[in-house]
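Visitor: coords please:
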Amino acid sequence: MARLLILLISLSALAAGASAQAQGPAPQPGQVLAAGTVPDEATKAGVLARLRELYGEERVVDQISVGQVATPANWNGYVGKLLSPELKQISRGQLRIDGTTVSLRGEVASEAQRQKIASAAAASLNPTYTVNNGLRVASADQGVLDSALANRTVEFESGKAALTPAGRAILDEMIRAMQKVKGRKVEIIGHTDNVGLPATNHGLSQARAEAVKTYLASRGINGDLLTASGQGADRPVAGNDTAEGRARNRRIEFRIAQ
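Guide: Now for the predicted structure:
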């Protein structure tokens, strides 16, 4: 199986970050990041050509590496089919192709669109492929939370779940935003970089999410409407090969629960 191919796009199309294997600078807003490992230069060239056709050459950032990985039969052709114009309907998301497993994450405008994109992806593949539909319907309330956070990082003391003064200041702003979406359930999701053991990172991300939940509840937000979870280093938004990228990956997300 191919070890990993991740395609990540920021701005109004696919969005998120790079894999732990990505090389080079982290993507900037408006850029399309292609990262992961493919078996040969021809595969790499094909993926990049298709992305440039879809999004424009100036937006595509190449972080794909070539390595000794095996691929299923006709894998290149199936990848080409997955890189379709429908991907541009997804925001704040990620397409991950790992051998015969395809995962879609991100936000779309409606439930019908959510089902259509995943169904089209499955229809373009043979039955040996699995499509995990992690797409979700966006809401105006989510935009309120996103605007309040404004891509900033809720800071904690190094290696701990204790909020810094700067982290608490951001949460105070998030409280005002949550008061505007009163009555909606909010998921607090903790993330880390890839430094350290996976189990340790997962525990730390969970503890930090819990710390945020406790802080918000102590300031008047209904704790029954808050859930906390940790993702460890599994969902990076930047490359872990630079200090800047690792800092961006150590973050808290606020998501309106569907």
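
Visitor: which residue comes closest to V79 once chain neighbours are left out?
Guide: Of all residues beyond its chain neighbours, the one nearest V79 is I97 (5.9 Å), with distances taken as CB to CB, 6 or more residues apart in numbering. Bear in mind the C-beta positions are built from the backbone N, C-alpha and C, glycine included.

Visitor: for that neighbour, helix, strand, or coil?
Guide: Per DSSP: H, G, I helix; E, B strand; the rest coil, the local secondary structure of I97 is strand.

Visitor: identify the single longest helix in the protein, thanks.
Guide: Using DSSP state H to define each element, the chain has its longest helix at helix 198-218.

Visitor: one step back: how far away is the residue nearest to V79 from P236?
Guide: Applying CB to CB, to the nearest Å, one obtains 17 Å for the distance of I97 from P236.

Visitor: looking at those two, which one has more neighbours?
Guide: Comparing I97 with P236 by other CB atoms under 10 Å, the one with more neighbours is P236, at 29 against 22.

Visitor: pull the distance from the helix or strand harbouring G143 to the chain's centre.
Guide: Secondary structure from DSSP states H and E places G143 in helix 140-149. Its chain's average C-alpha position is 17 Å from that of helix 140-149, according to CA atoms, centre = their mean, to the nearest Å.

Visitor: rounded mean pLDDT for that helix, please.
Guide: Confidence over helix 140-149 (mean pLDDT, whole number) is 89.

Visitor: give me the helices and strands touching it, please.
Guide: Taking 3 or more CB pairs under 8 Å, 6 or more residues apart in numbering; DSSP states H and E as the contact definition, the neighbouring helices and strands of helix 140-149 are helix 165-180, strand 252-256.

Visitor: one more time with 10 Å, if that's ok
Guide: Using 3 or more CB pairs under 10 Å, 6 or more residues apart in numbering; DSSP states H and E as the contact test, the elements touching helix 140-149 are helix 165-180, strand 186-190, strand 252-256.

Visitor: can you put those in CSV and add mean neighbour count, mean pLDDT and distance to E41?
Guide: Written out in CSV, the entries for the helices and strands packed on helix 140-149 read as follows (neighbours: other CB atoms under 10 Å; pLDDT from 0 to 100; distance: least, CB to CB, whole Å):
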stretch, mean neighbour count, mean pLDDT, distance to E41
helix 165-180, 15, 96, 44
strand 186-190, 23, 94, 37
strand 252-256, 21, 91, 36
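
Visitor: quick one: low-confidence ranges for this protein?
Guide: Within the chain, the stretches falling below the threshold (pLDDT under 70) are 1-30, 258.

Visitor: reformat the helices and strands packed on helix 140-149 as CSV; add distance to G159.
Guide: Shown next, in CSV, are the helices and strands packed on helix 140-149 (distance: least, CB to CB, whole Å):
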stretch, distance to G159
helix 165-180, 14
strand 186-190, 14
strand 252-256, 16
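
Visitor: between these, which one is closest to Y55.
Guide: strand 252-256 (24.4 Å; CB to CB).

Visitor: ok so, going back, looking at the sheet around the residue nearest to V79, what are its partners?
Guide: Beta-bridge partners of I97, counted by DSSP bridges, are L5, V102.

Visitor: ok, it touching S124?
Guide: No - with contact defined as CB atoms under 10 Å, I97 does not count as touching S124 (12.0 Å).
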